[in-house]
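Engineer: Mind looking at a prediction? Sequence and model below.
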Amino acid sequence: MTVPAQRERLTALLALEPETPDAPARLEGDSGAPGTHEVALIAADGTRIPALLLRPDPSAATGAAAVLVAGHGRGIDDLVATDPADGYHDALAHKLVRAGMTVLCPEMVSFGRRRFPSADAENSCGIDAARHLLHGQPVMGHRVADARTAVTVLRALDGVDPERVAVVGGSGGGAVSLLLAAVDTRVAAALVSNYFCTFEASIGSIRHCPCNIIPGLLPGLEMADIAALVAPRTLVLEAGQQDRIFPIEATRAAHSLLAPVWEAHGEPGPELVVTDGGHAFRAERSLEALRERLG
């Protein structure tokens, strides 16, 4: 199957609708000042998506930018938590800002400000996964659509080079980031942590949240097939040597399939950064690699 056909199939499985050019997404609450701001994304259909916008000091700004997607937990608040730092994300939004990037963090369905009203835990993935599937769309497709809206908004912001907008995420946020980069060629680069593996060795063999399930992906769209749709754009992968839910052996095996795809375009293959920890997003060498590729 050709690359356009694979991308079209993945788009259909996610139940993604085309963006509406005559009703573009917009941002509310941006002052343009450096720092962290509570804002809202207004999607083309009028959906209001809570978000955080972090702007670097003008003296440090590089023009590069990132849509940063949280993994399971408290949502976007975890991305900026510093006292104490969230154990998984480790104040990731601030790391990106210190690297000179403008950062937009959209709240995903099921987390933080968008938990299902009756849910009493940090997230409501099980409820939302069931509700979405009953309506014919995986909840992951809804998240990818919202992250795509964030890309549209971020590319239009003053001070942002629209050709240097990346998507970044770990765990569940890594899933959104990989899938979005695969279907949306406007995304210049993706940094995906603690997700890239194989479906067979991870979600298909180890207990995971049902929000990860996208019916119909297998057998034709294993993770390496999805990652290949990012080529020849930049893809940086991070994984934990001790990650118990995304086994490192399967991650290495899937990664070994990618280099020839990029090399066919005359580009270096995706870098795989393996940390000595478990399921945690360190964004040290992987962030450096993203900066190098974005310029």
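Structural biologist: Everything's here; your move.
Engineer: who are the neighbours in contact with the residue nearest to residue 75 when sequence neighbours are not counted?
Structural biologist: Leaving aside its sequence neighbours, residue 75 sits nearest to residue 112 (C-beta to C-beta, 6 or more residues apart in numbering; 2.4 Å). No exception for glycine: its C-beta is placed from N, CA and C like everyone else's. Taking C-beta atoms under 8 Å, 6 or more residues apart in numbering, we find residue 112 in contact with 50, 70, 74-77.
Engineer: Okay, the residue in the chain sticking out farthest from the centre and residue 68: tell me how far apart.
Structural biologist: Within the chain, the residue lying farthest from the chain centre (C-alpha atoms, centre = their mean) is residue 59, at 27.3 Å. Distance of residue 59 to residue 68, given as C-beta to C-beta, to the nearest Å: 22 Å.
Engineer: Check residue 2 too.
Structural biologist: Taken as C-beta to C-beta, the span from residue 2 to residue 68 is 32 Å.
Engineer: So if I had to pick from those two, which one is more boxed in?
Structural biologist: For residue 2 versus residue 68, the count of surrounding residues by other C-beta atoms under 10 Å is larger for residue 68: 32 against 7.
Engineer: Okay, and the beta partners of that one?
Structural biologist: Residue 68 forms beta bridges with residue 168, as assigned by DSSP bridges.
Engineer: Begin at 886, not 1, for the rest of this chat.
Structural biologist: With the count now opening at 886, the last piece we talked about shows up as residue 953.
Engineer: and it, what pLDDT?
Structural biologist: Looking at residue 953, its pLDDT reads 98.
Engineer: again, but for residue 997
Structural biologist: On the pLDDT scale, residue 997 is placed at 89.
Engineer: phi, psi of it?
Structural biologist: Main-chain torsions, residue 997, degrees, to the nearest 10: phi 50, psi -120.
Engineer: Below-threshold pLDDT in the stretch 886-1035 of the chain: ranges please.
Structural biologist: Along the stretch 886-1035 of the chain, the model assigns pLDDT under 70 to residues 906-908, 969-970, 1004-1006.
Engineer: got the residue ranges for the helices in it?
Structural biologist: 888-898, 961-965, 977-983, 1010-1019, 1024-1040 (DSSP state H, counting those that start in this stretch).
Engineer: What residues of the first one count as buried?
Structural biologist: When burial is assessed from 16 or more other C-beta atoms under 10 Å, helix 888-898 yields the following buried residues: 891-892, 894-896, 898.
Engineer: now stretch 1040-1047
Structural biologist: 1040, 1042, 1045.
Engineer: Tell me if I am right that the second one is in a strand.
Structural biologist: This means residue 1042. No - applying DSSP: H, G, I helix; E, B strand; the rest coil, one finds residue 1042 to be coil, outside a strand.
Engineer: Next up, the contacts around the closest residue to it other than its chain neighbours.
Structural biologist: The shortest distance from residue 1042 to any non-neighbouring residue, by C-beta to C-beta, 6+ apart, is to residue 987 (6.6 Å). By C-beta under 8 Å, 6+ apart, the contact list for residue 987 reads 938-941, 946, 949-951, 1039, 1042, 1044-1045.
Engineer: switch the cut-off to 10 Å
Structural biologist: Applying C-beta atoms under 10 Å, 6 or more residues apart in numbering to residue 987 gives the contacts 919, 938-941, 946-951, 981, 1039, 1042-1046, 1050.
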